[in-house]
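1. Model the following, please.
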Amino acid sequence: MDLSHSPLLQAISNNAEKFANRVALIEGNSQVSYSELWKKIIDAASFLCYIGLQYGDNIILSARKELEFVYIYFGAHLLGVRNVVIDPTSNDERKQYIVSTVHPKCIFGFYCKNIQSIDYRDVSFRMPIISNLSKVSLHDVADIMFTTGTTGNPKGVLLTHLNIYASAYNINNYMGNTSNDIELLGLPICHSFGLGRLRCTLINGATIVILGNFANIKLVFQAIEQYHVTMFGMVPAVWAYIKKFSGTKISKYANQIKYIEIGSAAMQTSEKEELMKLFPNTRICMHYGLTEASRSTFIEFHQSKGHLNSIGKPVSSAVAIQIMDSMGKECPVKTEGEICVKGNMVISSYLLPEDNQNAFRDGFFRTGDWGYKDEDGFIYLTGRLKEMINVGGKKVSPVEVENAIISLGIEDCVCVGIDDPRGVLGQVVKAYLLKGTSNLTFEDIMISLMAKLEHFKVPVEYEWVDKIPKTLSGKKQRLLLCKK
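-> Here you go, the predicted structure:
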């Protein structure tokens, strides 16, 4: 079988021969070996053929944590059918937008009128084995992922077979995990982070334990002990949740856990330092990236403890990052500009042509994030380009101000630019603070910030709110508050 279009499938096929009886997937009471996994992938591809799917067709997969999802996902890659992976908890409006945009031939996991809809439980793995496969290219689209987005409609991101393999290879190469590892997957698999962890583990020939989520701490600890888990990925909110409900009990596994990957949202330096103390011998790797440019940079906390407030350096030599000014010229060291990425895991196009406008510059993808490089090559993220606040011609990073406020004991906050009431500076900073997290008054906060920030960065207006608006992946939606 020709698998030259998909190094990812080739790796899984190789693992089916090399580690035939090794457990690849554990989900509930089910355990699937690598040889069984590869057979199921071929069977899934046969089923897709049987229901009439062909090379280039789009299918929507509700990313439920079921073994059948895994089989169909990789089976589609075998045929050159394009997966559109969506969050099972997405509202009807988002689902309808995606359906009307990609025009799927089939939907797995939920019902949609006038489109062939199949429940995962109804997938048959007893079809005749396919013999004639269409010629699929390394540069053909494998997956279409839709951004969570902070405003407007989500963008369809076209990820090729090369993109998804290169990302997984880069991550494994940086982290150093091996085929002997056992990973706990508690992340959602509808986003780049969680789905990427699935791919990383399977191309390595390691074992992945699929857990619904991290909500039940007792089950998390039970799985770590029962399967002797050696690694897991998490977002900062999960770490805050684990601490809140179990304190530092997870540190009893410090000698067992070899690797932790963190991503999807910002994390306070104090939280990073606490993790380092609890896991002194663990490689704690935090990434920066987007759906369009997965895992562009990494920082390992212990190795780079003097740069914990940075997002690290490019994940590999195959990835280049430039800080560009508004004219597209590279900025000098310590000069802020837009973070732009080029590499083997970076997309070359969005699904809709109009989304490509201003998305690329000289072969680099424009992230829309603002930052700078230091003299050692570490990259620092200061905020979203669209979210920067212009106070009298001076750029203010909302992230910098938020970090200063959180350091005062406020659990969470969002800072945005508002029109200067005096009509002098154009914009000034306003802070929305999460209710019930501090006894400080607005005056207390302002006085304390005067000692931490330049005066033009200190918020002039404050408001308590019940909730900080965030995307499904945990990113703050500052622009929503700008519209208030």
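2. The stretch 101-250 of the chain: helices as residue ranges?
-> For the stretch 101-250 of the chain, the helices defined by DSSP state H, counting those that start in this stretch occupy 161-175, 192-204, 217-226, 236-246.
3. give me the low-pLDDT residue ranges for the chain?
-> Scanning the chain for pLDDT under 70 picks out 131-132, 148-152, 437, 472-473, 483-484.
4. Got the domain ranges for it?
-> In terms of domains, the chain is parsed into 7-373, 388-482 (source: automatic domain parsing).
5. export those domains to CSV and tack on mean neighbour count?
-> In short, each C-beta sits where N, CA and C put it, glycine included. Converted to CSV, those look like this (neighbours: other CB atoms under 10 Å):
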stretch, mean neighbour count
domain 7-373, 18
domain 388-482, 17
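6. Out of these, which is closest to Thr382?
-> domain 388-482 (3.8 Å; CB to CB).
7. first to last residue in stretch 422-435, what's the distance?
-> Terminal residues of stretch 422-435 lie 28 Å apart, using CA to CA, to the nearest Å.
8. Centre of the chain to that stretch, how far?
-> 30 Å (CA atoms, centre = their mean, to the nearest Å).
9. now swap in stretch 206-216 and tell me
-> So, by CA atoms, centre = their mean, the centroid of stretch 206-216 is 17 Å from its chain's centroid.
10. before we move on, what about stretch 448-457?
-> On CA atoms, centre = their mean, the centre of stretch 448-457 falls 33 Å from that of its chain.
11. Can I get the domains of the chain in TSV including distance to Thr382?
-> Below are these laid out as TSV (distance: least, CB to CB, whole Å):
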stretch	distance to Thr382
domain 7-373	5
domain 388-482	4
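12. To Leu381, which of these lies closest?
-> Across the domains of the chain, closest to Leu381 is domain 7-373 (CB to CB), at 4.6 Å.
13. for the closest one, the distance to its chain's centre please.
-> 7 Å.
14. Just the terminal-to-terminal distance for it.
-> 33 Å.
15. same check, this time on stretch 253-273
-> Across stretch 253-273, first to last residue, CA to CA, it's 17 Å.
16. Repeat that for stretch 420-435.
-> Using CA to CA, the two ends of stretch 420-435 sit 25 Å apart.
17. got the contact list for Lys395?
-> Glu336, Trp370, Met388, Ile389 (CB atoms under 8 Å, 6 or more residues apart in numbering).
18. Not counting its neighbours along the chain, what's nearest the last one?
-> The one in question is Ile389. Gly417 (3.6 Å; CB to CB, 6 or more residues apart in numbering).
19. part of a strand, is the one you found?
-> Yes - secondary structure assignment places Gly417 in a strand (DSSP: H, G, I helix; E, B strand; the rest coil).
20. hang on, isn't it packed against Gln427?
-> Yes - if you go by CB atoms under 8 Å, Gly417 and Gln427 touch, sitting 4.0 Å apart.
21. Need the overlap of contacts for those two.
-> In contact with both Gly417 and Gln427: Ile389, Asn390, Val391, using CB under 8 Å, 6+ apart.
22. Tell me the one of those nearest His191?
-> Ile389 (28.1 Å).
23. Now do that closest one against Met127, distance only.
-> Plainly put, Ile389 is 58 Å away from Met127 if you go by CB to CB, to the nearest Å.
24. circling back to that earlier point, could you dump the helices of the stretch 101-250 of the chain to TSV with distance to Phe69?
-> Formatted as TSV, these follow (distance: least, CB to CB, whole Å):
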stretch	distance to Phe69
helix 161-175	16
helix 192-204	10
helix 217-226	19
helix 236-246	21
